[in-house]
Each structure stands twice: as structure tokens, then as C-alpha cells.
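Enquirer: Sharing a model that was predicted from the sequence below.
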Amino acid sequence: MAERRAKFAAAVAALLTVLGVMPATAAHASDQSDSAAQQLAERHVPVVMLRTQAHDCDEDGEPFTPMNVDLVLDNQQIALRQVGNGDPTVMRAPGAADLVNLGEGFYLDFPGDSLRPGCLYEQDNNRFNEQQPAVVYAHIVRQADHPDELALQYWLFWYYNDWNNKHEGDWEFIQLLFNASTVEEALATEPVSVGYAQHEGGERAGWNSSKLERDGERPVVYTSQRSHASYYSPALYLGRSGAEGFGCDNTRAPSTRVDPRVVVLPDEVTDPSDPLAWINFEGRWGERHSGPNNGPTGPNTKPQWTAPVTWSEGLRDSSFIVPSGDTRGTNLLDTFCGVVEWGSGVYIRFVASPGLVVLAIAAVVALIGFVVRRTSWDIVEPMPLVRRRRLGEIVRVSVRQVRANRATFAATVLLALPVAGIAMLLAVVARRLPFVRGFVEVSDSDGTDGRWLVATMIATGLAILAFVLISAGVAWIVGNGAELRASVRDAAKAVWAKVIGLVVAVVLATVALGVLSLLVVGIPIAVWLFVRWQFTAQVVVLEGLGGRQALARSASLVRRRWFHTALVTMLALGAVGVVGMVVGLVLLIFFTGLPLWVLSAVIALVDVLVMPYAALVLTYLYGDAVASHRTADVTEDVGDVVATP
């Protein structure tokens, strides 16, 4: 009986094959597989969080969304170009069938100039995407040498990348990894890990990791503003390599949620008429340029398209988050972000208009040369302190004095130790008395109350006090030590004897400048007063005045010399900030494993070590001001005598 049934089944199968029914059955099995793939892709389709843009063409916020590739295909505004001989236009409105099997010698060209984007790309993106839902493309793949692991990839296409590098088109993706060999097995389990692509590298997380935010079975992706790298939380991220990206990625709140529609991609398409035939295109999805501004190639050209496990194994476990607050370390990171952004902007402008950039650089060099030639760089005697010296002479004599008396001037930084003690005391008080913390710790308060002002004024006041103490010590050594034979111990005694006058002057100046800085109209006045009070430390230790009298005397010396004093002050204090920042940037780039507190400590140490030189420059400027003031007084007295009948 069983043998008869087997023969009957074979005969039926043969008949069905002849009639063409068996291929339909196979197609039905394929449909079931496609259905399972679609089900898996829709189960885990990511939630995309974009930085909220306040209004169109606002430079802050994310103006682009993951878009449907079909919107740039069969579009009369998009051109297909071939590389070489001026990159001629092959055709306009290329469709999926036109891109099949085209190689790297071809690229899509969108309207506009990617190096001078303006708001055009955002406007075109909005127009093309009008009433169109966002789309992500799912790709399910197994790596040949890892048959028991299955990857579910989600590829996102962005119309334009408007970051430190600027280019038309941008392909980004995330990946979920399953311990499964089939789609059906993956449907019966949950992912074991998730990888988020970030520039040339990426970051991984376990499916049940606390850092992975999920909406049910859907991972939440925080997309970096305008660079479209994927992150696990809203923050400011620091990148110092190609894998991390060189610069800062911003995913901070507020965020706008996007729930994209998912389209499943095949590994390849053999039928040119298939709407997804564009997956075989190996050219570039954007205008051709050199370096990082070149349009990207598509998903099928990336190594992870066929080797997802290998890509996952190379991911980092974390990304560097820039902390909030107001510390030297945090300021360093902000400076790094700004410098990289500025440098990228200069490079992009150079590529777009090399002549204009060269002309601008030449103008800056000429201006610096003009300023340098306007002063005298002659070698002058360091003593006496009170005598006329020009800017170049002050710079040279200060350098010579530091070189000749390194130990003496380096030891003056010890005068700032009391300030460090005060800062440590405030930290202890803040820890022991939590209700005080908001007033003595520098925080990132939103400014809705007075805590931010008080904290900033305390931090600024301590920094000013440290510099004033060092300046007072340097001034006493130069003003009272013949041939600089006075010791730092003697200087410390002299400064301690005048410390009340110094502290009172610093407190009065800090409060006045802090209050004025709160008002927009008060900022210019604060700058004006800051320059007028630059000689306070020298006046206190060398002329014996204190508090308000010292501030008034300093203002008198700066009278009719404000711009000159402002220039020298900017150079002196700029050296304090710039040298520390340069050292910090070098450490940040080449020693990526250093924690933030080490960077902060190194910058603070460099700042303090440079302070004696800045103090020396301002002390010699004070001597020049006193000499100028005396000359003016004598001139006025002579004028009065001549005018008397």
C-alpha cells in the first residue's frame, strides 16, 4: 500500500511539473520566506530621533529625514554623470534600470553645489519628501563563515550631509545580530547585540544593555545633527579619529521622533525592471569631489553588506560623551569641536574658492606684519621698571627675564596655592552641605535662578585672584629686587602684607564685572573697566594702595592708553589661555585614553606656569604707563607755568 502511494505521489508530481504547477508551489515557499523577512524587519524597525529644528533653514537642528530612494530616481532634477572629460551628463532622471551594474565611474548629481549648500538642499529635501513617509531599507544576511549568525541591517538614505564634511547623499545604517541560521529562527528569538554605525566605525550594545533605549522590540536611534551618525542617547559626542569621526556629533535634546516605513532589500537584483534594481549600482550617490566631500557609494559596496559579523566584532563598546558644566577640561573639548569645525570650513571654502582663501590668508599675514613693524623690537635694559618701553621691547625684555630667572619666576606660581586651598574648601563644603552645592559648584544650570551667576562669579573670581597674586609677586620682585636678586619668599611676605587690599580689589572688580555682564548693554562697559583695572596688582604692592583706591589708580594710569593696554593685555592673557589649550589639544588627539580630569589638571598646570610670563609683560607695561603718566604730568605743569602771566 505504501509503495503504491509513493508511486502515485511521484506520478502526481510529474504531472504537476508538466503542467507548470510546481514552480508556483516553489514561488509560494519563496513568498513565505519573503513574508517572514518582512515580518522580522517590521518587528525591529528603528525609531529615529532627530534634533528638533525650530524653523526652516535654521542652522541648529536636523532638517533632513531618512528618505525613499525612489524620490531621487526618475527625477528630472537629478543627473547621471560619467567621470572624465568634464564629467558629461549621461542622462537626466535616471531610474533604477539605468543604474544597474554601473560602476564607480558614474555618479548622481543633485541640484546645487555641495560645497556651497546654503539652504537649497534642505528646501529640495522638503519638497521631494512632501507628504512622503520616511523610509529605511532592511537587509537580512548571513556571513559565509558564520552560518549560525544572522544579521538584520537597516540602511538609511539622507539627501545631504551638512557636517564638517559636506556631500550630497549619505548612507548610514544600524545592525541587529541574532544567534540564528534562518529568518524563521530569528523570529522565534531576540537579538543578542546591536551595532550603530558612526562615520568609519561604530559602537555596539547588548540587546538588554541599559544604554540601549527600546520602544518594545524597536531600537531607538539618536541621529547626530547633520552628520547622521547613530548613537544610543542624546548627548554631545567627541570624535578624534576616522572611526569616531573627527569633530563633535550632536544628538542633544530636544528631539523629534520619526517612525519610518521599512522596505526589505534583496542581496542583489537580476531583473533590470525590478524597482529595487538600484541596489546593484556601484557608483556614487552624490556629486563628485575629492576627499571627505565626495558623494558616498551605496550599501552593496560596503564590507558589512556581506560580512556583518566581522563588522560587529570591530565595534567600540562606548563613545566619548562631552560632559556638561564649566571646567577647563570641558572648555578644551568645546574648543576642539570649534577648531575642527572652523578648520573644516576653511578647507571646504578653499576647495570651493581657493583664490579667495589664499587672498584672505595673505591679508591676515600682511596685517600681522604691519602690526609687528609698527613697534620696536630693540633690546632694552630690564631695570629700572619705570621707563618708556614699546610693545616689542616689552615682549623681548620679558622673554629675556624669564629665561635668565626661570626658577624665580616659576616659583611665583606657589603664590596661587591659597586659591587652590579655597577651591578645595568650597568643594568639601559642597559635599558636606548639599544645599550649598548649587551655589558653589559651577554647573550647567539653565539660568532660571541665580545659581549659575553665583557659581560663575565664584569661579571667575578665584581665577582672577590666582593671577593677581602671581602678578603681585612678580611685580614686587621686578620693582624691588635689584637685578632680580629678591627671593620668592620675600615676595610672598610682601604680597601677604598687602593681601587684604588685593582681595578687596578683586572682589569689587569681580562683582562689578559680573553684574555688568548680565546686561547686554553692560558688556562693553565691563570690557572697558576690565582693561582699566589691569594694573591693580602692581599698584597694591608697589604703591601701597588697596581696594577702591588701587582700582582708581590703575584706571588713571590707563587713561589715554586704553587701546594700547587692551592690545597688550589681550596678548598676555591670550598666551595663558592658548598655550594651555594647545597642550590640551595635543594630549586629546594623541593620547585618547586620558580621562577628562587628567586633561583638566594638565591644562590648569600649564595655565599657572604661563601666568608669571603674562604677569611680567603686564608689569613692564605698568612701568611704561607710570613713566608716560609722569611725563604727561610734567608737560601739564610746564604748560600751566607758561600760561601764567
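Expert: Alright, I've got the coordinates. Numbers count the residues shown, from 1 in each chain.
Enquirer: C-alpha from now on. contacts and neighbour counts both.
Expert: Will do.
Enquirer: give me every residue that touches residue 182.
Expert: The contact partners of residue 182, taken as C-alpha atoms under 8 Å, 6 or more residues apart in numbering, are residue 150.
Enquirer: quick one: pLDDT of it?
Expert: At residue 182, the predicted lDDT confidence score is 95.
Enquirer: same thing with the one 4 residues further on?
Expert: At residue 186, the predicted lDDT confidence score is 96.
Enquirer: what's the helix or strand for it?
Expert: If you go by DSSP states H and E, residue 186 is part of helix 183-187.
Enquirer: Got the domain ranges for this structure?
Expert: The chain breaks down by automatic domain parsing into domains covering 33-321, 375-413+441-637.
Enquirer: Out of these, name the one with the poorest average pLDDT.
Expert: Checking each of the domains of the chain, the one with the poorest mean pLDDT is domain 375-413+441-637, at a mean of 82.
Enquirer: which stretches of the stretch 51-200 of the chain form strands?
Expert: Here the stretch 51-200 of the chain has its strands, by DSSP state E, counting those that start in this stretch, at 79-82, 89-92, 106-109, 135-141, 150-162, 166-178, 193-198.
Enquirer: circling back: who are the packing partners of the helix holding residue 186?
Expert: With contacts taken as 3 or more C-alpha pairs under 8 Å, 6 or more residues apart in numbering; DSSP states H and E, helix 183-187 sits against helix 21-43.
Enquirer: dump the residue contacts of the residue lying closest to residue 335 once chain neighbours are set aside.
Expert: Leaving aside its sequence neighbours, residue 335 sits nearest to residue 581 (C-alpha to C-alpha, 6 or more residues apart in numbering; 7.9 Å). Residue 581 is in contact with 332, 335, 603, counting by C-alpha under 8 Å, 6+ apart.
Enquirer: Run a quick neighbour tally on residue 255.
Expert: Here the count is done by other C-alpha atoms under 10 Å, and residue 255 has 18 residues near it.
Enquirer: how far away is it from residue 138?
Expert: 24 Å (C-alpha to C-alpha, to the nearest Å).
Enquirer: same thing with residue 105?
Expert: On the measure of C-alpha to C-alpha, residue 105 and residue 138 end up 27 Å apart.
Enquirer: Mind checking which of those two has more residues around it?
Expert: It is residue 138, of residue 105 and residue 138, that has more neighbours when counted by other C-alpha under 10 Å, with 26 against 13.
Enquirer: still on that earlier bit, would you reformat the strands of the stretch 51-200 of the chain as JSON lines and include distance to residue 515?
Expert: JSON lines is the format used below for the strands of the stretch 51-200 of the chain (distance: least, C-alpha to C-alpha, whole Å):
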{"stretch": "strand 79-82", "distance to residue 515": "58"}
{"stretch": "strand 89-92", "distance to residue 515": "62"}
{"stretch": "strand 106-109", "distance to residue 515": "54"}
{"stretch": "strand 135-141", "distance to residue 515": "52"}
{"stretch": "strand 150-162", "distance to residue 515": "39"}
{"stretch": "strand 166-178", "distance to residue 515": "42"}
{"stretch": "strand 193-198", "distance to residue 515": "43"}
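Enquirer: Residue 388 and residue 536, how far apart?
Expert: Residue 388 is 19 Å from residue 536, by C-alpha to C-alpha.
Enquirer: how about the most centrally placed residue in the chain, what does it touch?
Expert: The centre of the chain sits closest to residue 337, judged by C-alpha atoms, centre = their mean, with a distance of 2.5 Å. For residue 337, the contacting residues are 238, 247, 248, by C-alpha under 8 Å, 6+ apart.
Enquirer: tell me which of the contacts of residue 581 is nearest to residue 259?
Expert: residue 335 (35.2 Å; C-alpha to C-alpha).
Enquirer: number of nearby residues for that closest one?
Expert: Neighbours around residue 335, by other C-alpha under 10 Å: 16.
Enquirer: before we move on, what SS does it have?
Expert: What DSSP: H, G, I helix; E, B strand; the rest coil gives for residue 335 is helix.
Enquirer: What's the separation between it and residue 578?
Expert: Taking C-alpha to C-alpha as the measure, residue 335 falls 10 Å from residue 578.
Enquirer: where do the contact lists of these two overlap?
Expert: By C-alpha under 8 Å, 6+ apart, no residue touches both residue 335 and residue 578.
Enquirer: Is it correct that residue 344 is in contact with residue 166?
Expert: No - if you go by C-alpha atoms under 8 Å, residue 344 and residue 166 don't touch, sitting 9.4 Å apart.
Enquirer: Look at these two and report which has more neighbours.
Expert: Taking other C-alpha under 10 Å, residue 344 and residue 166 do not tie; residue 166 has more neighbours (25 against 18).
Enquirer: How about residue 80, nearest residue that isn't a chain neighbour?
Expert: residue 108 is the one closest to residue 80 (C-alpha to C-alpha, 6+ apart), at 4.7 Å.
Enquirer: Tell me how many other residues crowd the one you found.
Expert: Around residue 108 there are 25 residues (other C-alpha under 10 Å).
Enquirer: That one: what's it in contact with?
Expert: 78, 79, 80, 81, 283, 284, 285, 286, 287.
Enquirer: For those residues, work out which two are farthest apart.
Expert: 78 and 283 (14.4 Å).
Enquirer: quick one: which of the two has more around it?
Expert: residue 283 (23 against 19).
Enquirer: I figured the more buried one hits residue 103, correct?
Expert: Yes - counting by C-alpha under 8 Å, residue 103 is a contact partner of residue 283 at 5.0 Å.
Enquirer: If you count contacts, what does the biggest helix by length in the chain end up packed against?
Expert: Looking across the chain with DSSP state H, the single longest helix is helix 596-643. Applying 3+ C-alpha pairs under 8 Å, 6+ apart, one finds that helix 596-643 contacts helix 328-352, helix 391-404, helix 406-411, helix 451-480, helix 548-558, helix 562-590.
Enquirer: For the closest residue to residue 218 other than its chain neighbours, what are phi and psi?
Expert: Using C-alpha to C-alpha, 6+ apart and skipping the chain neighbours, the partner closest in space to residue 218 is residue 44 (4.4 Å). Here is the backbone geometry of residue 44 (degrees, to the nearest 10): phi -110, psi 20.
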